[in-house]
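**Q** this one's structure only:
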């Protein structure tokens, strides 16, 4: 896929879900900086400057279809999909309710499936595309109190690798980025003691910046990564080595 933005022509059409804050916002801003035309789905607004803000609850298939229809009308067919939107409902297994389980799975895993299924229609017609699913080191390592979250993020690996095999002949790649602990609103709520304990587990001894995750995503969407598919790229400071 040619990145036409580098040649002065309009860039690619990129969709980033959950792009109003944290990792998603950094990813959207990185694509905008490259000259790509970026749409961002949010539930309550707040997309970065330069992005098309599309309201969408990814647990609702009709809203997902409507979001793509809006993007296609405003910008064109989606060439790069970054499925980033996700939630957590952490609690120990024996305290976890069916709703705690199903809501996380429906958003993080099934929501990504809905997005990929809809995006693939346009990509197949274009005979090109980039799909990047944002997972987590927790999906590879596991984490006490996060059975639902870990299952949802682990499932993205199998999804991406199946898509890579199914759609590869049409020059569509599917890859996973697995961030570790990142400086976002979600980690800011941790106590100083918790943050310090986590850092001792990370070989690089620090949290990631959202921009570092965005760098891996934009690379996977670039021409330089055209022969990379079905891969899991960790951005975790070495926390998940060997997994």
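**A** The structure has been received and is ready for your questions. Predicted model only: the values in this text are computed from it and were never measured.
**Q** Let me know the pLDDT of residue 77.
**A** Here the pLDDT value assigned to residue 77 is 97.
**Q** ok, it - contacts?
**A** 13, 122, 123, 125, 126 (CB atoms under 8 Å, 6 or more residues apart in numbering). Quick note: C-beta positions are derived from backbone N, CA and C, even for glycine.
**Q** Now the longest helix along the chain: average pLDDT?
**A** Longest helix of the chain, by residue count under DSSP state H: helix 147-167. Averaging pLDDT along helix 147-167 yields 98.
**Q** For the helix or strand that it is followed by, which strands pair with it and how are they oriented?
**A** For helix 147-167, the succeeding helix or strand toward the C-terminus, using DSSP states H and E, is strand 172-179. Sheet pairing of strand 172-179 (DSSP bridges) gives strand 129-134 (parallel), strand 232-235 (parallel).
**Q** Which helix or strand in this structure has the lowest average pLDDT?
**A** When each helix and strand of the chain is scored by mean pLDDT, DSSP states H and E, helix 185-188 comes last, with a mean of 63.
**Q** In this protein, what residue spans correspond to strands?
**A** With DSSP state E applied, the chain shows strands at 13-17, 37-42, 52-55, 80-83, 129-134, 172-179, 232-235, listed in chain order.
**Q** Hmm, residue 39 is touching residue 73, no?
**A** No: Residue 39 is not in contact with residue 73 according to CB atoms under 8 Å; the separation is 11.0 Å.
**Q** out of these two, which sits in the more crowded spot?
**A** More crowded of residue 39 and residue 73, by other CB atoms under 10 Å: residue 39, with 25 against 8.
**Q** Retrieve the pLDDT associated with that one.
**A** You'll see residue 39 listed with a pLDDT of 98.
**Q** which regions of this structure sit below the pLDDT cut-off?
**A** 1-10, 185-190 (pLDDT under 70).
**Q** for it, what spans make up the helices?
**A** 22-33, 61-74, 98-104, 111-126, 138-141, 147-167, 185-188, 192-201, 210-220.
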